[in-house]
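J.: here's a sequence, model it:
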Amino acid sequence: MLRPALAKGAARAGRTAPPVLLPIVVGRDRASLAQYMTVYCVPTYRRVLDESGLKDEMDAIIAAIADRRRTDAAKIVEEHVLDQLAATTLDDLPRALQRWSAHADQVGLSVPWYGMEHAAQVALFRDVLRALERL
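T.: Okay, the predicted model is just below:
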């Protein structure tokens with residue numbers, strides 16, 4: 001869906017389609033990834049998730065966040081949305097790289113920045129680098 005839309009827009013502008021850089025967020029477990037990804041379940045990203053068929057889920061997530069029920073929002077993300085996002089656990093990193101690389105010219109890796117202590121971020125990044133070395 002992304003590449004055809006970029007190609008169409010670029011053609012209208014008389015340019016070539018730009019390369020696609022896709023950041024993948026790597027976490028230790030699905031629950032912490034879901035908690036982090038609630039940051040992106042805001043009205044700004046609404047259209048993207050609606051286009052993915054997640055309108056009802058987004059309604060529920062946004063309502064939960066508005067009511068300060070972030071744990072409820074994260075549970076909805078984990079159960080219904082997480083697999084549609086470029087987010088993966090450390091254990092599933094090889095599979096995620098294979099899946100998402102098909103949709104991008106270049107893949108970048110990051111770790112959660114919201115709700116995670118700096119030392120835990122550094123430790124997770126080191127584990128990501130070790131996982132990459134094993135690939």
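J.: how many other residues sit next to residue 56?
T.: Close neighbours of residue 56, defined as other C-beta atoms under 10 Å, add up to 11. For every residue, glycine as well, the C-beta is placed using N, CA and C.
J.: same check on residue 22?
T.: Using other C-beta under 10 Å, the number of residues around residue 22 comes to 14.
J.: wait, a strand at it?
T.: Yes: counting by DSSP: H, G, I helix; E, B strand; the rest coil, one finds residue 22 located in a strand.
J.: please enumerate the helices of the protein.
T.: 2-13, 30-37, 46-51, 55-66, 70-76, 93-101, 118-134 (DSSP state H).
J.: by mean pLDDT, show me the worst of the ones you listed.
T.: Among the helices of the chain, helix 46-51 carries the lowest mean pLDDT, at a mean of 80.
J.: how about that one: buried residues?
T.: residue 49 (16 or more other C-beta atoms under 10 Å).
J.: what's that helix packed up against?
T.: Judged by 3 or more C-beta pairs under 8 Å, 6 or more residues apart in numbering; DSSP states H and E, helix 46-51 is in contact with helix 55-66.
J.: just how off-centre is the helix it packs on within its chain?
T.: Relative to its chain's centre, helix 55-66 lies at 17 Å (C-alpha atoms, centre = their mean, to the nearest Å).
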